[in-house]
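# heads up, no residue letters with this:
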């Protein structure tokens, strides 16, 4: 099983970040967008940076 990554998804009228699970058949994603929370400001900064890195790497997919 491949490792998941953050994925920016285009819904009908907005964009949201989901967890994406790549697979041979194209992959799947979480139904609900991710929640950014943490125990410290640094936790939040690290989460946001990981999301930004994954958007740069994986682009945008349509939420079907």
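Sure thing, it's come through. From a predicted model like this one, the values you see are computed outputs, not experimental measurements.

# what secondary structure does residue 56 sit in?
Three-state call for residue 56 (DSSP: H, G, I helix; E, B strand; the rest coil): helix.

# Tell me where the chain has helices.
41-58 (DSSP state H).

# roughly how far apart are the residue of it most remote from its centre and residue 53?
Distance from the C-alpha centroid of the chain peaks at residue 40, with 20.6 Å (CA atoms, centre = their mean). Residue 40 is 20 Å from residue 53, where distance means CB to CB, to the nearest Å. All C-beta atoms are positioned from the backbone trio N, CA, C, and that covers glycine.

# which stretches of this protein form strands?
In the chain, the segments counted as strands under DSSP state E are 5-10, 15-21, 28-29, 60-62.

# and of those strands, who's closest to residue 49?
strand 5-10 (10.5 Å; CB to CB).

# what sits up against that closest one?
Applying CB atoms under 8 Å, 6 or more residues apart in numbering, the contact partners of strand 5-10 are 15-20, 22, 29, 33-34, 50-51, 54-55, 57-63.

# Which strands border it, and is each parallel or antiparallel?
The pairing partners recorded for strand 5-10 under DSSP bridges are strand 15-21 (antiparallel), strand 60-62 (parallel).

# what is the rounded mean pLDDT of that strand?
On average, the pLDDT along strand 5-10 is 98.

# Can you report how many residues neighbour residue 15?
Residue 15 is flanked by 12 other residues according to other CB atoms under 10 Å.

# which ones are touching it?
Here residue 15 is in contact with 8-9, 60 (criterion: CB under 8 Å, 6+ apart).

# most neighbours per residue, which of the strands of the chain?
strand 5-10 (a mean of 18; mean count of other CB atoms under 10 Å).

# tell me the angle that one makes with helix 41-58.
Relative orientation of strand 5-10 and helix 41-58, computed by axes from the mean of the first three to the mean of the last three CA atoms, to 10 degrees: 70 degrees.

# what separates strand 5-10 from the chain centre, distance-wise?
4 Å (CA atoms, centre = their mean, to the nearest Å).

# same thing with stretch 43-59?
Centroid separation between stretch 43-59 and its chain, computed with CA atoms, centre = their mean, is 8 Å.

# can you check stretch 28-38 too?
Per CA atoms, centre = their mean, the displacement of stretch 28-38 from the mean C-alpha position of its chain is 7 Å.

# No further queries at this time; thank you.
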